[in-house]
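*Asks:* Fold the following and give me the result.
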Amino acid sequence: MNVKIVSDKVVEFTVKKSGKVVAKGTVTVSADNNHYVQEFTVYPTNGSEPVTGKEESKRVGSLKPGMHAASGSRVVEKQDMSENGKEVTYEQTADGMNAKTLNGFSYSAKFDQGLSSDGHRFVRQCCAKANQ
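*Replies:* Below is the predicted model of the structure:
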């Protein structure tokens, strides 16, 4: 992942796989540093139509001194995306779960730690281990 600091409140990111851009977006942080808006585009490797979306989230905990305003943990409060990105199929495994989208992305996670009651935070952990 390549992250470009645009300002003290804005970062842009680009994710590549095998030299090809698979996602890009912008994170903008509110004046009080407690809310984020992320706008993104995901380019499926199977060639299907890109998924676009916007996510609004709230900071969890405090911003550490010297860190960029976009750093830290957050909880998703609202998310919207194009229709082609909304369907996800989940499968329970003996020690975790798998998830797969219609446009070729797949994720897996093992239940090796306590889970938060916040479903969004769990999904974030899954997505960090993308199989695609």
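*Asks:* so where is the chain shaky, pLDDT-wise?
*Replies:* Residue ranges of the chain with pLDDT under 70: 112-132.
*Asks:* now the helices for it?
*Replies:* When secondary structure is read from DSSP state H, the chain shows helices at 119-127.
*Asks:* Let me see the backbone angles for the residue lying farthest from the centre of it.
*Replies:* In the chain, residue 94 marks the outermost C-alpha relative to the chain mean, sitting 25.3 Å out by CA atoms, centre = their mean. In terms of degrees, to the nearest 10, the main-chain angles of residue 94 are phi -60, psi -30.
*Asks:* and it, what is it in contact with?
*Replies:* Residue 94 is in contact with no residue at all, counting by CB atoms under 8 Å, 6 or more residues apart in numbering. The C-beta positions use only the backbone N, C-alpha and C, and glycine is treated the same way.
*Asks:* got it, and residue 29?
*Replies:* By CB under 8 Å, 6+ apart, residue 29 lies in contact with 9-10, 35-36, 69-70.
*Asks:* hmm, back to that, any idea how far residue 88 is from the residue farthest from the centre of the chain?
*Replies:* Distance of residue 94 to residue 88, given as CB to CB, to the nearest Å: 20 Å.
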